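Novice: predicted model and sequence follow; I will ask about them next.
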Amino acid sequence: MRLDVVTIFPEYLEPLNVSLVGKARARGQLGVHVHDLRQWTYDRHNTVDDTPYGGGPGMVMKTDPWGDCLDQVLADGYDSGAHGPVMVVPTPSGRPFTQELAVELAAQPWLIFTPARYEGIDRRVMDEYATRIPVHEVSIGDYVLAGGEAAVLVITEAVARLLPGVLGNAESHRDDSFAPGEMANLLEGPVYTKPPVWRGRAIPDVLLSGHHGKIARWRRDEALRRTAANRPDLLERTEASAFDKKDRET
Ligand SMILES: N#Cc1c(-c2ccc3ccn(Cc4ccc(CN5CCOCC5)cc4)c3c2)n[nH]c1N
């Protein structure tokens, strides 16, 4: 997979050099190319923004730097087979970023991220590129950030961990919260490791029982409890709600 990121804060993407994503890059499983948008400005102040038409607060990012940069990124190309690139535009008004969308994006060979600042990018930029490639406007949550770079870090990590061979234990994302399958739409339950007792706190006996069926049942029950407490909305999405209601009645 190849990722291109266009930003006025290239240093914000330094975390993509470490940990899981950094290792995937070092192993050649992921290529990450960060582009400083100001390299596509030609005035002495490297201007990337201007006042909004129609008035209103803040500034809007100008068309030309984005257009010149994105044309270059596309022209430099990448042999992504039958699939061309997909553009991912972080924005508070975007489609919610979910594990389902992470799985969709992880299937793409080439993603181009366009994290903006100020009040966003002139709409004509997304309209222009939507005539050439898929453009997904995505939000990582119902809160307001000052720009899209943090969203790129979040989306990249969620996508990279799904790439084959990136997670050490291929089983790890089988039990992900929100992943399809038996634990779909359930939050993870508690996890424990040695020592068996810490500051007088022992671990649940079932986890030492060696009885895999009981352990699996206990983990699902704990996941249901945590989900009911923290995300009751998820229980409406899964047959677990029927189980849970029965369980709560007993
Ligand atoms: N992903 C994600 C995000 C972002 C995000 C992502 C990208 C950018 C680029 C600029 N900002 C700042 C910003 C703040 C407020 C507003 C709304 N205003 C628009 C103009 O009319 C008035 C209202 C827009 C832009 C961004 C924020 N925030 N939260 C998420 N989950």
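Specialist: Nice, I can see it.
Novice: near the ligand, which residues of this structure show up?
Specialist: Contact residues (C-beta under 6 Å from any ligand atom) of the chain with the ligand: 90-92, 94, 116-117, 119-120, 139-141, 143-148, 151. Every residue, glycine included, has its C-beta placed from N, CA and C.
Novice: and those, which of them are buried?
Specialist: Buried by 16 or more other C-beta atoms under 10 Å: 90-91, 94, 116-117, 120, 139-140, 145, 147-148, 151, out of the residues of the chain next to the ligand.
Novice: output those in a markdown table, with pLDDT, secondary structure and distance to residue 201 appended to each entry.
Specialist: A markdown table is the format used below for these (pLDDT from 0 to 100; DSSP: H, G, I helix; E, B strand; the rest coil; distance: C-beta to C-beta, whole Å):
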| residue | pLDDT | secondary structure | distance to residue 201 |
| --- | --- | --- | --- |
| 90 | 99 | strand | 41 |
| 91 | 98 | strand | 44 |
| 94 | 98 | strand | 42 |
| 116 | 98 | coil | 47 |
| 117 | 98 | coil | 46 |
| 120 | 98 | coil | 49 |
| 139 | 98 | strand | 39 |
| 140 | 98 | coil | 34 |
| 145 | 98 | coil | 37 |
| 147 | 98 | coil | 42 |
| 148 | 98 | coil | 42 |
| 151 | 99 | helix | 37 |
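Novice: mind listing the strands for the protein?
Specialist: 2-7, 31-36, 49-50, 60-61, 86-96, 110-113, 135-139, 197-198, 201-202 (DSSP state E).
Novice: now render those strands as TSV, adding distance to residue 70.
Specialist: Formatted as TSV, those follow (distance: least, C-beta to C-beta, whole Å):
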stretch	distance to residue 70
strand 2-7	7
strand 31-36	9
strand 49-50	17
strand 60-61	12
strand 86-96	8
strand 110-113	7
strand 135-139	11
strand 197-198	53
strand 201-202	54
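Novice: if we can go back for a sec, can you put the buried ones among the residues of the chain next to the ligand in a markdown table and add distance to residue 215?
Specialist: Shown next, in a markdown table, are those (distance: C-beta to C-beta, whole Å):
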| residue | distance to residue 215 |
| --- | --- |
| 90 | 39 |
| 91 | 43 |
| 94 | 39 |
| 116 | 47 |
| 117 | 48 |
| 120 | 49 |
| 139 | 37 |
| 140 | 33 |
| 145 | 40 |
| 147 | 44 |
| 148 | 42 |
| 151 | 37 |
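Novice: what ranges in this structure fall below the confidence cut-off?
Specialist: Scanning the chain with the threshold set as pLDDT under 70 gives 169-172, 174-175, 179-181, 238-250.
Novice: make it 90
Specialist: 77-83, 168-185, 236-250 (pLDDT under 90).
Novice: so where do the helices sit in it?
Specialist: Ranges of helices in the chain, per DSSP state H, are 19-26, 63-76, 99-106, 123-130, 149-160, 212-230, 232-235, 240-249.
Novice: and for residue 10, the neighbour number?
Specialist: Residues within reach of residue 10, counting by other C-beta atoms under 10 Å, total 16.
Novice: now swap in residue 204 and tell me
Specialist: Neighbour tally, residue 204, other C-beta under 10 Å: 13.
Novice: now it: phi and psi?
Specialist: Main-chain dihedrals, residue 204, degrees, to the nearest 10: phi -60, psi 130.
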